[in-house]
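Student: Here is the input, now give the coordinates:
(one chain, ligands or ions: 1)
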Amino acid sequence: MKKKEKTLTPKLIKKLWLAFVLIIVLMGASYIIITAYLANKYNEETTQRINANTANHVINEKFQKESPFLEDGSVNKALFGDLMHDMMAVNHSIEVYLLDKSGTVLYSVVLDHSGNAPMQSVSLAPINYFITTKGEKYVLGDDPRNHGEQNIFSVAPFNIDGREGFIYIILAGKDFQVVSDNLFGQYFMKLGLGAIALTMFFAALIALLSIWFLTKNLLLITKTVRSFQEGDLDARIENPDASDIAILANSFNEMADTIVDNMDKMKSVDLLRRELIANVSHDLRTPLAILKGYVETLQMKNETLSENDKKEYLQITHDNIDKLSKLINQLFEYSKLEAEQVSPIKEPFSITELSHDLIAKFKVLADKKNISLKLNNPEDNCLVFADVSLVERALQNLIENALKYTEDNGTVTLSLLKKGKNIEINISDTGTGIAVSELPYIFDRYKQVDKSTKKQGYGLGLAIVKKIMDLHDTTITVLSKPKEGSSFIFNLPAYQVN
Ligand code: ADP
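Tutor: Residues are numbered from 1 along each chain as shown. Have a look, this model is predicted:
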C-alpha cells in the first residue's frame, strides 16, 4: 500500500528557522543595547578623565591672581564671568558653577541661557568622591541645569581669604549633549545596522549548519524507518552511535530487533501449534479407527465370536478409550498451562509424604516390569513451599516416564536432598537414556525423541513438567547417557518451621 508521502522535515525546518530568527532578533537587540550603553559610558569616562583637572586649573591659574569675591563677600560677577568666558571660548561644552562649601550654587556661567534655571544646590557626595579619587574614577554628579539628571563633572576646592567652596564644572553641558546626541544617533544607527547585519549573517550560518546537521540525521532515520515499515525487516540505522541523535537511532534499532524477535517467536509458536494439531489429530485418529474396527466386528460377528475373543476385543476397545482419554486430559492440561490460566497456590507441604504416596501408587506398575522403585530420603521429613497438586502432577509424569523408558529388572529412584534453602528432587532411572543431540528438545511439546522406539505417549508429559517448573520459578535439568539411564533434577524452596 502506497502511503501519501509525508515528510516531517519542512515543518521542522520552519520551526527551527522561527526559533533562529527569534534568537537573532533578541541577540541583535541585546548586542546593540549593551554596546550603546558601554559606548556612552566610555565616551563620558574619557571626557571626564581628560578634563579632570580643569577645575583645579581655574583655581591655580586664575584665583591665585585675583579673588572672585568682593570686599563685602559677594561674588565678583564681572571678574568671574570674564574668567569663565575665556575658558568657555576654548571649550563650549562646559558650564561653570561657583559653590560654597555646603554645595549651594553661588554663581553660574553658562553660554546657553535657555531651559531651566540652575538648581539651588548640588549633592556633595559625588564631589567628595571626585576629590578623594583625584578624578581618576568615573563618577556622575548633579547637573544643576537638568534637574534630576546626572552628568560628568570636574571639581576643585578653594579657600580664598577664609572663604571655602568649590569650582564645579559640568563637562558635558547642554551644547555637548546636543552635539553628542546628534552624533551618537548617527553612530547608533550605523552601529545598530552593522551589528544586526553581522549577527544575522553569523546566526544564519549557524542556523543553516544546525538545520543541515539535524535534518541530515533525521532524514537518514526517517528513510530507515520507512523501509522497515514497508517490510524490509533488516533495515537498521547504520552506526547509530555516530549519529547526532544517537538515542533515537539506537532506540529505533532496538525496537526493530524486538519486533523481529517477537515475529520469529510468534512464527515458531505458530509452527509448533500446527505441528501439535497435525500430531494430535493423527494420534486421535489411530485409537478411534481401532475402536471403530473392533466395535463393528463385535456388532457384525457377535453370534460367531467365542467368549474369549469377545473379552479380548472388549479389552482392546477399553485400552484405546483409556489412551484417548489420557491424551485428551493431557492436551487439556497443557493448553490450560500454556494459556496461563493456572496460577499456583503455594503452601507448605511434606514432599516426603507425597513421594511415599506416589511410590505406593506406581508400585503395581513397577512390579509388573520387575523394576525396583525406591525412595531415597536421608532427611526425616522434607517440607517445601509450592503448589502441591502441580508438583504431584510433575512427579507423576517424571516417574511414569522413568518406568516407561526403563527395561525390565531396572531401577527407578526418587531422591530428596536438602541443599541450602532448597530441596533437590531427583528422579533417576537405569533406562534407555536420551541421545545428547535430542536432549535440548525433550521439553518441547509433542517431541518424542526417537520415533522408532516410540512407547505409549504423546510427548506432552515433559512439556507439562516444564510449565509447572516455570510457574514455580525453577528449572529442571536432565543428565542422561544412552543405555545407562537418565536423571531429572529440580529444586523447590524448603519450608522452614520456626
Ligand atoms: P511421552 O509422552 O512421549 O513420554 P514426554 O514429554 O514425557 O512424552 O517425553 C518426551 C520424550 O523424552 C520421550 O518421548 C522420550 O523420548 C524422552 N524421555 C522422557 N523421559 C525419559 C526417560 N526417563 N528416559 C529416557 N527417555 C525419556
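Student: Please make it C-alpha for all contacts and neighbour counts, starting now.
Tutor: Fine.
Student: residue boundaries of the strands in the stretch 301-450 of the chain?
Tutor: 347-350, 372-376, 383-386, 411-419, 422-429 (DSSP state E, counting those that start in this stretch).
Student: Give me the residues contacting the first one.
Tutor: Contact with strand 347-350 is made by 381-388, 495, as judged by CA atoms under 8 Å, 6 or more residues apart in numbering.
Student: among the residues you listed, which ones are buried?
Tutor: Among these, those classed as buried by neighbour count (16 or more other CA atoms under 10 Å) are 382-388, 495.
Student: in what helix or strand does the residue of the chain found nearest the ligand lie?
Tutor: At 2.9 Å from the ligand, residue 459 is the closest residue in the chain, using CA to the nearest ligand atom. For residue 459, there is no host helix or strand (DSSP states H and E).
Student: and it, how many neighbours does it have?
Tutor: By other CA atoms under 10 Å, the residues close to residue 459 number 20.
Student: separation between it and residue 417?
Tutor: Look at residue 459 and residue 417: by CA to CA, to the nearest Å, they are 28 Å apart.
Student: for the protein, longest strand please?
Tutor: Under DSSP state E, the strand in the chain containing the largest number of residues is strand 150-160.
Student: Going by neighbour count, list what's buried in that strand.
Tutor: For strand 150-160, burial by neighbour count (16+ other CA under 10 Å) applies to 151-158.
Student: again with stretch 94-102
Tutor: In terms of neighbour count (16+ other CA under 10 Å), stretch 94-102 has its buried residues at 94-100.
Student: for these, which one is nearest residue 319?
Tutor: Nearest to residue 319 among the buried residues of stretch 94-102: residue 94, at 129.0 Å, using CA to CA.
Student: thinking the closest one is in contact with residue 154, fair?
Tutor: No. Checked against CA atoms under 8 Å, the pair residue 94 and residue 154 is beyond contact range at 9.9 Å.
Student: intersection of neighbour lists for the two?
Tutor: Each of 169-171 lies in contact with both residue 94 and residue 154 under the rule CA under 8 Å, 6+ apart.
Student: Just the buried ones from the residues you listed?
Tutor: Buried by 16+ other CA under 10 Å: 169-171, out of the shared contacts of residue 94 and residue 154.
Student: and the ligand, which of those residues reach it?
Tutor: Among these, no residue lies close to the ligand (CA under 6 Å from any ligand atom).
Student: just the residues you listed: which has the poorest pLDDT?
Tutor: Taking these together, the minimum pLDDT is found at residue 171 (83).
Student: Residue 154 is in contact with that one, correct?
Tutor: Yes. The pair residue 171 / residue 154 is scored as a contact, 6.8 Å apart, by CA under 8 Å.
Student: which residues are common contacts for these two?
Tutor: Common neighbours of residue 171 and residue 154 (criterion: CA under 8 Å, 6+ apart): 48, 51.
Student: Closest to residue 222 out of the buried residues of stretch 94-102?
Tutor: Ranked by distance to residue 222 (CA to CA), the buried residues of stretch 94-102 are led by residue 94 at 70.5 Å.
Student: Distance-wise, check the closest one relative to residue 473.
Tutor: Using CA to CA, one obtains 96 Å as the distance from residue 94 to residue 473.
Student: Same question for residue 105.
Tutor: Distance, residue 105 to residue 473, using CA to CA: 99 Å.
Student: cool, residue 158 as well?
Tutor: With distances taken as CA to CA, residue 158 is found 101 Å from residue 473.
Student: where exactly do the helices run in the stretch 201-350 of the chain?
Tutor: Along the stretch 201-350 of the chain, counting by DSSP state H, counting those that start in this stretch, helices occupy 246-300, 307-338.
Student: Make CSV from those helices and add distance to the ligand to it.
Tutor: Shown next, in CSV, are those (distance: least, CA to the nearest ligand atom, whole Å):
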stretch, distance to the ligand
helix 246-300, 12
helix 307-338, 9
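Student: Go through the least confident helix or strand in the chain by mean pLDDT and flag the buried ones.
Tutor: Lowest on mean pLDDT, DSSP states H and E among the helices and strands of the chain sits helix 77-90, with a mean of 74. Across helix 77-90, burial judged by 16+ other CA under 10 Å covers 80-81, 83-85, 87-88.
Student: Check stretch 33-51 too.
Tutor: Residues of stretch 33-51 classed as buried: 35-36, 44-45, 47-49, 51 (neighbour count, 16+ other CA under 10 Å).
Student: now swap in stretch 372-383 and tell me
Tutor: 372-375, 377, 382-383.
Student: which residue lies farthest from the center of the chain?
Tutor: In the chain, counting by CA atoms, centre = their mean, residue 71 sits farthest out from the average C-alpha position, at 89.5 Å.
Student: Work out for me the element that residue sits within.
Tutor: Using DSSP H and E, residue 71 is not contained in any helix or strand.
Student: would a markdown table of the helices of the stretch 201-350 of the chain with mean neighbour count be doable?
Tutor: A markdown table is the format used below for the helices of the stretch 201-350 of the chain (neighbours: other CA atoms under 10 Å):
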| stretch | mean neighbour count |
| --- | --- |
| helix 246-300 | 14 |
| helix 307-338 | 15 |
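Student: Could you dump the ones you listed into JSON lines and include mean pLDDT?
Tutor: Output for the helices of the stretch 201-350 of the chain, formatted as JSON lines (pLDDT from 0 to 100):
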{"stretch": "helix 246-300", "mean pLDDT": "88"}
{"stretch": "helix 307-338", "mean pLDDT": "90"}
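Student: okay if I get those as JSON lines plus distance to residue 402?
Tutor: As requested, the helices of the stretch 201-350 of the chain are exported to JSON lines (distance: least, CA to CA, whole Å):
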{"stretch": "helix 246-300", "distance to residue 402": "22"}
{"stretch": "helix 307-338", "distance to residue 402": "18"}
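Student: thinking again about what came up before, and residue 105 and residue 473? which has more neighbours close in?
Tutor: It is residue 105, of residue 105 and residue 473, that has more neighbours when counted by other CA under 10 Å, with 21 against 10.
Student: Helix, strand, or coil at that one?
Tutor: Taking DSSP: H, G, I helix; E, B strand; the rest coil as the rule, one finds residue 105 in the strand state.
Student: What distance do you get for it to residue 23?
Tutor: Counting by CA to CA, the separation of residue 105 from residue 23 is 51 Å.
Student: likewise residue 16?
Tutor: Residue 16 is 10 Å from residue 23, by CA to CA.
Student: one step back: any chance of JSON lines for the strands of the stretch 301-450 of the chain, columns mean pLDDT?
Tutor: Listed next are the strands of the stretch 301-450 of the chain as JSON lines, based on pLDDT from 0 to 100:
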{"stretch": "strand 347-350", "mean pLDDT": "96"}
{"stretch": "strand 372-376", "mean pLDDT": "95"}
{"stretch": "strand 383-386", "mean pLDDT": "96"}
{"stretch": "strand 411-419", "mean pLDDT": "96"}
{"stretch": "strand 422-429", "mean pLDDT": "96"}
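Student: Can I get those in JSON lines including distance to the ligand?
Tutor: Output for the strands of the stretch 301-450 of the chain, formatted as JSON lines (distance: least, CA to the nearest ligand atom, whole Å):
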{"stretch": "strand 347-350", "distance to the ligand": "24"}
{"stretch": "strand 372-376", "distance to the ligand": "13"}
{"stretch": "strand 383-386", "distance to the ligand": "22"}
{"stretch": "strand 411-419", "distance to the ligand": "9"}
{"stretch": "strand 422-429", "distance to the ligand": "6"}
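Student: Tell me which of those approaches residue 335 most closely.
Tutor: Among those, the nearest to residue 335 by CA to CA is strand 383-386 (21.3 Å).
Student: Point out the other helices and strands that the closest one packs with.
Tutor: When contacts are defined as 3 or more CA pairs under 8 Å, 6 or more residues apart in numbering; DSSP states H and E, strand 383-386 packs onto strand 347-350, helix 351-368, strand 485-493.
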